[in-house]
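> the sequence and its predicted three-dimensional model are supplied below.
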Amino acid sequence: MRFQFILSEIAIGLRRNLSMTVSVVLVTFVSLTFVGAGALLQQQVSAMKGTWYDSVRISIFLCTQDSQSASCSGAATEANKDAIATALETPPLSDYVSEVRFESQDEAFEEFQTFADDGLSAYVTPDQLPESFRVGLVDPERFQVIQESFSGSPGVEEVVDQGEVLEPFFAVLNALTAVSLVLAGVMLVAAVLLIGTTIRLAAFNRRRETGIMRLVGASSVVLQLPFLLEGVIAVSLGAALASAALLLAVQYGVTEWLALQVTSFDYVSTTDVWVTVPFLFLGGVLLAAVASLVSLSRYLKV
């Protein structure tokens, strides 16, 4: 009987405040979509960093005959190359180095041809490109150690960290993540306020019924539970819509389109979305519960 009463009260509340309930569903949908998108975007950034930073190399470019660097007085000599190789293979620098590969001018020219168009490559010859040492690091964040050790050394024209090229790109992605989370926060605040308003309106509309129930001995739990469940149901519907939107976006926008256009790294998948979904529901239900209980504690006193 008590369970049937609660269900009937929930149905009455949802029917009387249909427009407000729809508003709660939509606001929750938008806010949790932003939350989920921010979480997935942060996972994507972490995955890309892990993939790209593992392949980041420090390039120690050697002097050529035409180099203008102050440390160059002509092409790097064999003695210069041996000194660099020895320094990289012995402590303390060897503790930071995972691998060393020497790239000749012919190898550099072959790599250059893979990126340059035919018109440009026709004007470049192998002797115009510098030899280099490609250095892999145990910890890519410690590139300064190698950079400071060889910058300005005899035979070295320039030391380039490939990770510096990636930093602006990751900074943009992190900024997008922050923006999405800020928007999600604003929308969540709006959702909480809207839930509270909806609960207050429902409690006001049914103040006579709740007063009678209180007089006949109904407990606070029985009186408050229908209102609480109304907010939880509305938020759960919003979370379900947000989850469906994220699944569709990742499945069709990422897995079946973006991943086929750019194959340089791994992307988030629907598995990552399914991992995120329970947190969306849990966070939404907790927000609805807190907003409802705060409102009920003030407006359901009879």
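Great, that's in hand.
> let's verify residue 160: helix, strand, or coil?
Following DSSP: H, G, I helix; E, B strand; the rest coil, residue 160 is assigned to strand.
> how about residue 251, nearest residue that isn't a chain neighbour?
Take residue 251 and drop its neighbours on the chain: the residue closest to it by C-beta to C-beta, 6 or more residues apart in numbering is residue 270, 5.5 Å away. For glycine as for every other residue, the C-beta is placed from the backbone atoms N, C-alpha and C.
> tell me the buried residues in stretch 69-80?
Under the neighbour-count criterion of 16 or more other C-beta atoms under 10 Å, stretch 69-80 has 71-72, 75-76, 80 buried.
> now the most centrally placed residue in the chain. Nearest residue, chain neighbours left out?
Centre of the chain computed as the mean C-alpha position; nearest residue by C-alpha atoms, centre = their mean is residue 42, 1.2 Å away. Distances taken as C-beta to C-beta, 6+ apart put residue 177 closest to residue 42, at 5.0 Å, once the chain neighbours are dropped.
> rewinding a little: between all of the buried residues of stretch 69-80, which two are at the greatest distance?
71 and 75 (12.6 Å; C-beta to C-beta).
> before we move on, back to that, helix/strand/coil for the residue nearest to the centre of the chain?
Per three-state DSSP, residue 42 ends up helix.
> separation between it and residue 261?
According to C-beta to C-beta, to the nearest Å, residue 42 stands 22 Å off from residue 261.
> pLDDT below threshold where in the stretch 101-250 of the chain?
114-123, 163, 165-166, 202-224 (pLDDT under 70).
> again, 50 this time
Applying pLDDT under 50 to the stretch 101-250 of the chain flags no residue at all.
> my guess is residue 239 is in a strand, correct?
No. Applying three-state DSSP, one finds residue 239 to be helix, outside a strand.
> so how many other residues sit close to it?
28 (other C-beta atoms under 10 Å).
> which residues does it contact?
28-29, 32, 277, 280-281, 284-285 (C-beta atoms under 8 Å, 6 or more residues apart in numbering).
> could I get these as a markdown table with distance to residue 161?
Converted to a markdown table, the contacts of residue 239 look like this (distance: C-beta to C-beta, whole Å):
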| residue | distance to residue 161 |
| --- | --- |
| 28 | 45 |
| 29 | 43 |
| 32 | 39 |
| 277 | 39 |
| 280 | 39 |
| 281 | 43 |
| 284 | 43 |
| 285 | 46 |
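> now do the helices in the stretch 201-302 of the chain.
Applying DSSP state H, counting those that start in this stretch to the stretch 201-302 of the chain gives helices spanning 207-215, 220-248, 259-261, 270-299.
> most neighbours per residue, which of these?
Ranked by mean neighbour count, these are led by helix 220-248 with a mean of 20 (mean count of other C-beta atoms under 10 Å).
> would you agree residue 23 is in contact with residue 193?
No. The criterion here is C-beta atoms under 8 Å, and residue 23 misses it with residue 193 at 11.0 Å.
> quick one on the thing from earlier: now list whatever residues contact both of residue 71 and residue 75.
residue 63.
> nearest residue to residue 21 other than its sequence neighbours?
Residue 21's closest residue in space is residue 234 (C-beta to C-beta, 6+ apart), at 5.0 Å.
> what sits against the one you found?
21, 24-25, 28, 195, 198, 288.
> gap between it and residue 273?
22 Å.
> would you list the buried residues of stretch 69-80 in TSV and tack on distance to residue 86?
Output for the buried residues of stretch 69-80, formatted as TSV (distance: C-beta to C-beta, whole Å):
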residue	distance to residue 86
71	18
72	20
75	19
76	14
80	11
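> tell me the one of those residues nearest residue 168?
residue 71 (27.4 Å).
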